[in-house]
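>>> below are the sequence and a predicted model; questions follow.
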Number of protein chains: 2
Amino acid sequence: MTISALQKARADYQPKLPKSLKGAVKIVDGAATESVADQEDIQKLFPNTYGMPLLTFEEGAESANIPAVNVGVILSGGQAPGGHNVISGIFDGIKKLNPDSKLYGFLGGPGGLVDHEYKEITADFLEAYRNTGGFDIIGSGRTKLEEEAQFDKGLEVLKKLDIKALVIIGGDDSNTNACVLAEYYAAKKAGVQVVGCPKTIDGDLKNEMIETSFGFDTAVKVYSELIGNIQRDANSAKKYWHFIKLMGRSASHIGLEAALQTQPNITLISEEVAEKKQTLQEIVDSMAQVIAKRAANGNNFGVALIPEGLVEFVPEMKKLIAELNDLLAEGSAIEQEFKMMKKSHRLEWLATQLSPESAAVFQSLPTGIANQLTLDRDPHGNVQVSLIETEKLLGEMVKTKLADMKESGDFKGKFGTQYHFFGYEGRCAAPSNFDADYCYSLGFTASVLIGAGKTGYMSSVRNTTAPADQWIAGGVPITQMMNMEKRHGHMKPVIQKALVELDGAPFKYFAENRDKWAIETSYLYPGPIQYWGPTEVCDRTTVTLQLEQAK
Amino acid sequence: MTISALQKARADYQPKLPKSLKGAVKIVDGAATESVADQEDIQKLFPNTYGMPLLTFEEGAESANIPAVNVGVILSGGQAPGGHNVISGIFDGIKKLNPDSKLYGFLGGPGGLVDHEYKEITADFLEAYRNTGGFDIIGSGRTKLEEEAQFDKGLEVLKKLDIKALVIIGGDDSNTNACVLAEYYAAKKAGVQVVGCPKTIDGDLKNEMIETSFGFDTAVKVYSELIGNIQRDANSAKKYWHFIKLMGRSASHIGLEAALQTQPNITLISEEVAEKKQTLQEIVDSMAQVIAKRAANGNNFGVALIPEGLVEFVPEMKKLIAELNDLLAEGSAIEQEFKMMKKSHRLEWLATQLSPESAAVFQSLPTGIANQLTLDRDPHGNVQVSLIETEKLLGEMVKTKLADMKESGDFKGKFGTQYHFFGYEGRCAAPSNFDADYCYSLGFTASVLIGAGKTGYMSSVRNTTAPADQWIAGGVPITQMMNMEKRHGHMKPVIQKALVELDGAPFKYFAENRDKWAIETSYLYPGPIQYWGPTEVCDRTTVTLQLEQAK
């Protein structure tokens, strides 16, 4: 395998570990835990894994004498930088427990467990993947482990390989399912522990014990590098507004952190839009105000950040999308009529089928976007929100608004746009030092939990704005993060998704500064991720973490 | 001004200079030069600046005693990483000649000279811009200096500020105009020297004496970082083909270099398409072949690089675009009729107005693209080639082709696409070590040319794959790079644009390896530009330069 110069040099990087994980580890039990809400329901569903204590690791006096253990690992869901380092941490950790321990990777995500597709991860094989991005070492997938039939099928291969513990690396849903699996195997006395590791680029798996999920640091740094470069271009050419859509379906952590790193003129935060019940037109109007004010200062350029999931947080759009999903459901009479109709009449006719409010919103949309809403539907007939070009929707509506303002004399500038969407650019970047260290520590922590016979726990590494050797490693019972939520019509136990808190320090800092950033040109240019060089460059954490931990 | 951690650390970087520029400089005259073609015509047009010798700098014995000199500098055209370092090099160079020398920047490009808008660049002011990206220090612009009235207007402000030399930092056109200006001022005995510096991200200002134009190194590294990340994602998720359009209107140097750095499955090179007179359908067919072969191996994913200017190199598309430009020229009868017509009838009718061959091509295009060709026209009614979404055009046509192949049993896989376009992401990146050093050396070289009283020269820094202290600095008469070409109906002296040479070492290496890269997954992941760390990572040059100089 030919590799790049950077890969070659980076392969030698030895990720930093918390002090407590470097030698013998002493496990300190904390108080018993409760779920964040719905305690009674959760306890009933998880009789074997509910209420377990928090665990904190400290430097120990002597290493335990632990028999060799076979461990399985699964990568679940979308890629995030650092997944390979979690696996390296597990590998080195279980080899430290006992050099005869073995690690098996299930291929292509949770489906690999069910379909019995696996590969032993040996030291030689692992070598090429240390400190690299991607999930290509064993692949990932989106199969959900939810059915007992899957659990039983998985147990067969676990037994066959004599695997005593399974590590599931994934987001909130995957960790919820990891806990369901832990409970099932515990109830069955199957002799298989299940441990989770917190991954989401979106940053929405986050709470007191899980300060950040891995990959967020690297991905936002990649996006911020690009936003900074584009800002420098905007400020050099002085002729375009760049509308940049960023990953983040359900939470705007990425947009917020990118804004803190780059200080663009406009950043929309979905959670605020929902909280203020803003209409699309109100959002457009406020953007147009900023553009007009900058134009009045001779600055016909700027940068606006837009979270991918925005439209679902705009109450009127959410309603419209829900109505369209109902109306155009696969095989419905209206869908049939719609399909038969001449293209040029479709939109007009469809508006007559909507509620008056939704019809008004629908008719206010640019034609291209209205078409996207009606044509690009998934196999169930649902609007594919991820395909909506929100950045162009806003750009076109702002253009219309500015044309009106020009007529009334409220806008005297020029408005030209460039559009960008950053998602895939960051998901498989090689991990930053932070993510390389954090992921390796999470994996190593998982191995300690395995060695101690724990199940239903998630790896936890805290105090993450301190230097790595002061990080606090331990385990959190997954049930502690759960509450009951309605999913597909049924109440289910799930890990609470962490949205941007409007009274949290990161948002407050942003809100205090955004008016200045809007009008003045206060751009920051963070530049590309650096692996060598001054520690304040190479080991800096996200601004979100810094502000949260400065509280 | 708040700046990022990287900017802070990077401000201290002292760019490396060739040995010959570190102390006293001795200027060695080479042989007299001739233009690359049309010698008689060029000589007639440039009686004062034709035939001058090549200049090479060597280490000198003693510094010349040179009176203080006021110098003006202009940034011309699109942004390229390193412009600020050219200015730093000029500044430090003329201060070394005489500490009382002054540097003035003309604001917003060549227009600043004509409109007398300028700013003195002092040491304090310059400090914040060293080693940074962008052209924001004085701004840039696309005004062309072509008219004698402009030259005379410029001379007024040059006289007023007692400026004896002007440095124009720009691409082939800007340097052509720099030479015309040099000749005009020389003929007028105006006492103003004009010196050029070679900038283009596209890499098409290149010849024996100008090994590379600045900014190319950094920009391609940024694009390659992103392509590598996307490749890692493609190889992890294994479900998408990513079609990535890259900057490069008239030459595919960027696409070729990015391919050499990342080894994607498909890379289209415009020059080859033109040479082979390929049709759009032939290009699509060959892409579909690769996709089908990969699918047969179970690999329903891949990455394809597409140069921005591709369609203009496809002979049939070039013809179609020319016909559309004629037909839909502003105010033409056909344009009037077209505008009045119902949207749903327009395309069909327009096809009847085209030549049969062009009509066939037009009708083979996806509707969205046909609309782009007829609607998104510039103020002169011309098709805006830069707005054509070539990546989507090819994606849609490939999809159609694969559907046919599926019916005939020649394709058994899945085909899902993601589209990207990288341009603005790299134009204003902070310069790589190479570009930081190269630009600073180019600027410093300009100052030596100024000190020696030279005019009509371009800064030249060669031997660029060697360590910087072995680089060879000097000056090339701009007339040496010229030939006569037809522009807007008239023969004009211009610097020959350097396209990708199909018999050059970089293309040949690519052509030898592309079949392997197509079918196997041989991705390289170059990662982000590094400023500190191992020299083989931080100071590596482009593969293009390495292959060219290994000849």
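Sure thing, it's come through.
>>> just the element for the residue lying closest to A:Phe411 once chain neighbours are set aside, please.
Once flanking residues are discounted, A:Phe411 sits nearest to A:Met405: 3.7 Å by CB to CB, 6 or more residues apart in numbering or on different chains. For the C-beta atoms, the positions are set from N, CA and C on the backbone; glycine is no exception. Element membership for A:Met405 (DSSP states H and E) is helix A:390-407.
>>> buried set for that helix?
Neighbour counts over helix A:390-407 (16 or more other CB atoms under 10 Å in any protein chain shown) mark A:390-399, A:401-402, A:405-406 as buried.
>>> okay, the residue nearest to A:Phe411: pLDDT?
At A:Met405, the pLDDT value in this model is 98.
>>> and the stretch 451-551 of chain A, which residues reach chain B?
A:522, A:524-534, A:536-537, A:540 (CB under 8 Å from any CB of the partner chain).
>>> what of the stretch 101-250 of chain A?
Proximity of the stretch 101-250 of chain A to chain B (CB under 8 Å from any CB) is limited to residues A:108, A:132-136, A:139-140, A:222, A:225-226, A:228-230, A:232-233, A:235-238, A:242.
>>> so which of those residues are in strands?
Members of those lying in strands (criterion: DSSP state E): A:His242.
>>> sec struct for A:Lys144, please.
Per DSSP: H, G, I helix; E, B strand; the rest coil, the secondary structure class of A:Lys144 is coil.
>>> chain B versus that one, what's the distance?
In this view, A:Lys144 and chain B are 17 Å apart by CB to the nearest CB, to the nearest Å.
>>> need the contact list for that residue.
If you count contacts by CB atoms under 8 Å, 6 or more residues apart in numbering or on different chains, A:Lys144 has them with A:Pro110, A:Asp173, A:Asn177.
>>> and A:Gly451, by the same measure?
Listed by CB under 8 Å, 6+ apart, the contact set of A:Gly451 reads A:Ala64, A:Ile66, A:Val69, A:Gly93, A:Ile94, A:Leu97.
>>> out of the residues you listed, which are buried?
A:Val69, A:Gly93, A:Ile94, A:Leu97.
>>> put together a markdown table for the buried residues of helix A:390-407, with distance to B:Glu348 on each row.
Listed next are the buried residues of helix A:390-407 as a markdown table, based on distance: CB to CB, whole Å:
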| residue | distance to B:Glu348 |
| --- | --- |
| A:Thr390 | 33 |
| A:Glu391 | 32 |
| A:Lys392 | 27 |
| A:Leu393 | 29 |
| A:Leu394 | 33 |
| A:Gly395 | 30 |
| A:Glu396 | 27 |
| A:Met397 | 31 |
| A:Val398 | 34 |
| A:Lys399 | 29 |
| A:Lys401 | 35 |
| A:Leu402 | 34 |
| A:Met405 | 38 |
| A:Lys406 | 36 |
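>>> tell me how far stretch A:182-189 lies from the chain's centre.
Distance, stretch centre to chain centre, for stretch A:182-189: 29 Å (CA atoms, centre = their mean, to the nearest Å).
>>> if we can go back for a sec, taking the buried ones among the contacts of A:Gly451 together, which two end up most distant?
Across the buried ones among the contacts of A:Gly451, the longest distance by CB to CB is 10.4 Å; it joins A:Val69 and A:Gly93.
>>> mind listing the strands for the stretch 251-400 of chain A?
Secondary structure of the stretch 251-400 of chain A by DSSP state E, counting those that start in this stretch: the strands cover A:266-267, A:302-307.
>>> so which of the ones you listed is the most surrounded?
Among the strands of the stretch 251-400 of chain A, ranked by average contacts under mean count of other CB atoms under 10 Å in any protein chain shown, first place goes to strand A:302-307 (a mean of 27).
>>> figure out how far that one is from the centre of its chain.
So, by CA atoms, centre = their mean, the centroid of strand A:302-307 is 19 Å from its chain's centroid.
>>> ok, that strand near chain B or not?
No: interface with chain B: strand A:302-307 contributes nothing (CB under 8 Å from any CB), its closest point being 10.5 Å away.
>>> biggest helix in chain A by residues?
In chain A, with assignment by DSSP state H, the single longest helix is helix A:216-237.
>>> chain center to that one, what's the gap?
19 Å.
>>> just the angle for it relative to helix B:216-237, thanks.
Relative orientation of helix A:216-237 and helix B:216-237, computed by axes from the mean of the first three to the mean of the last three CA atoms, to 10 degrees: 150 degrees.
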